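>>> Here's a sequence, model it:
(one chain, ligands or ions: 2)
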Amino acid sequence: MIKYFSTIMLTSLNINPSLQKIESEIVKIFKSVDKDIFDMAKNPFNFIGKATRAKFTLLLGDILGIKRRLSQEIAICAELIHTASLLHDDCIDNSSVRRGLKTINSKMGSNTAILLGDLTVSFAFDCAMKINHETAATLVNTVKKMTEGALLEENLKYKKISRQEYDKIISLKTASIFNWCAISVCRASDKIELLKTCSIIAKSIGAGFQIIDDALDFESANGSLNKNVLKDITAGKITLPLILAMADKTCGDEIKNKVRELKNSGFANIHIAIEIAKTVKAKKFTNKARKTAKSMIDDIAPYIDELPSNNAKTEFKNFIFALINRTS
Ligand code: FPP
Ligand code: MG
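Ligands and ions are numbered 1, 2, ... in the order given. This is a model prediction of the structure:
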């Protein structure tokens, strides 16, 4: 079993048993697959990672007073969809490490990783259908949005993109699944009047989470993360720290030239990526991106105030704080 709280400590409510249940249910689903189709034993794979979407769902569900059994079911769907998207994303990025383990694409090839991702999507829909039709239907729309976000990101690779274009990418590819978790728990509660509030909170947390992830991709160039180094720039993905650097008067032209060089280098040239990252960090664009994420979270404080006040809300605030200040 995976240790969930290496970076985030949640205390009084103890969501650990629920997280363990979510993980064991997901493992059970994968174990039910014929070994000649996918053999888990031969392909160690971390099915839940940091469980951010599960924690978000459980805590918001607790605030709204829904039964853990229900929030667990919603969290299982979200983690399955997230895992499926990562199986595909690792093929797109040609990544070799995910959640501390070798990726399926690097071990077994992209074909297997793509197909395992497809299988995982079908598991998620199986689970969502067991909750109710509306939950499954909104999940279909969420996968559509995630895929649109990934396609938009693909179309804009190596380009000088605007902040608006970046916001659209992260809203689609990342925030939409947080939004689905929030609307699903809210619809399962007797507080349907809070649907819009929950949605606003979820979208900002999702976007803020992705901005921190994008800042970490530059910060991890020091080798502190057990992840691929500078995988966003090497894959041509233009994220907020780089958008800020490209728009800067003092280094914008230099950065744009290096991004062009990187594109024309024919293969992921890590040396050019390291030079870009050095400037981005030296000019503190990763810090500026982090500040943007924090102010997005500050802006949702009035909406969080609208939620019922209970212990779960305190835990939820701690969870968001840890998420937005994380360094790994
Ligand atoms: C990781 O982002 C990837 C996503 C947030 C979503 C990617 C979506 C797809 C590939 C569309 C397909 C969707 C499904 C459900 C099959 P990242 O690359 O910024 O994060 P990383 O640093 O963890 O790689
Ligand atoms: Mg990626």
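>>> Any regions of this structure where pLDDT drops low?
1-13, 221-227, 267-268 (pLDDT under 70).
>>> can you do 50?
1-11, 223-226 (pLDDT under 50).
>>> ok, and the closest non-adjacent residue to the most far-flung residue of it relative to its centre?
Largest separation from the mean C-alpha position in the chain: T250, at 32.2 Å (CA atoms, centre = their mean). Spatial nearest neighbour of T250, chain neighbours left out: K283 (7.4 Å); criterion: CB to CB, 6 or more residues apart in numbering. All C-beta spots, glycine's among them, are computed from the backbone N, C-alpha and C.
>>> Please report the number of neighbouring residues for that neighbour.
K283 has 17 neighbouring residues, counting by other CB atoms under 10 Å.
>>> measure it to I233 for me?
15 Å (CB to CB, to the nearest Å).
>>> One more: K102?
22 Å.
>>> Mind checking which of these two has more residues around it?
More crowded of K102 and I233, by other CB under 10 Å: I233, with 28 against 15.
>>> Distance-wise, check the more buried one relative to I212.
Taken as CB to CB, the span from I233 to I212 is 17 Å.
>>> do the same with N105
25 Å.
>>> Please identify which of those two sits among more neighbours.
Each of N105 and I212 has its neighbours counted (other CB under 10 Å); N105 has more, 25 against 22.
>>> ok, for that one, nearest residue in space, not its chain neighbours?
N105 sits nearest to A113 (CB to CB, 6+ apart), 3.9 Å away.
>>> Assess the claim that the one you found and K102 are in contact.
No. With contact defined as CB atoms under 8 Å, A113 does not reach K102; the gap is 11.3 Å.
>>> Other residues contacting stretch 285-304?
197, 200-201, 204-205, 207-209, 211-212, 214-215, 218-219, 239-242, 244-245, 248, 280, 313, 316-317, 320, 324 (CB atoms under 8 Å, 6 or more residues apart in numbering).
>>> Residue numbers of the stretch 1-150 of the chain in contact with ligand 1?
Neighbours of ligand 1 within the stretch 1-150 of the chain, by CB under 6 Å from any ligand atom: 81, 84-85, 88-89, 93, 117, 121, 143, 146-147, 150.
>>> what's the residue nearest the centre of the chain in contact with, if anything?
By CA atoms, centre = their mean, the mean C-alpha position of the chain lies nearest to T174, the distance being 5.4 Å. Applying CB under 8 Å, 6+ apart, we find T174 in contact with 149, 206-207, 209-210, 213.
>>> Then N105?
87, 90-91, 94-95, 112-113.
>>> Can the strand or helix carrying it be said to contact ligand 2?
Assessed by DSSP states H and E, N105 sits inside helix 104-108. No. Against ligand 2, helix 104-108 shows no contacts by CB under 5 Å from the ion, the least distance being 11.5 Å.
>>> Any buried residues in that helix, and which?
Residues 104-106, 108 are the ones in helix 104-108 that count as buried (16 or more other CB atoms under 10 Å).
>>> Among these, which one lies nearest to ligand 2?
N105 (11.5 Å; CB to the ion).
>>> any idea how far that closest one is from ligand 1?
Distance, N105 to ligand 1, using CB to the nearest ligand atom, to the nearest Å: 12 Å.
>>> what do you get for S220?
S220 sits 9 Å away from ligand 1, going by CB to the nearest ligand atom.
>>> Check N257 too.
Taking CB to the nearest ligand atom as the measure, N257 falls 24 Å from ligand 1.
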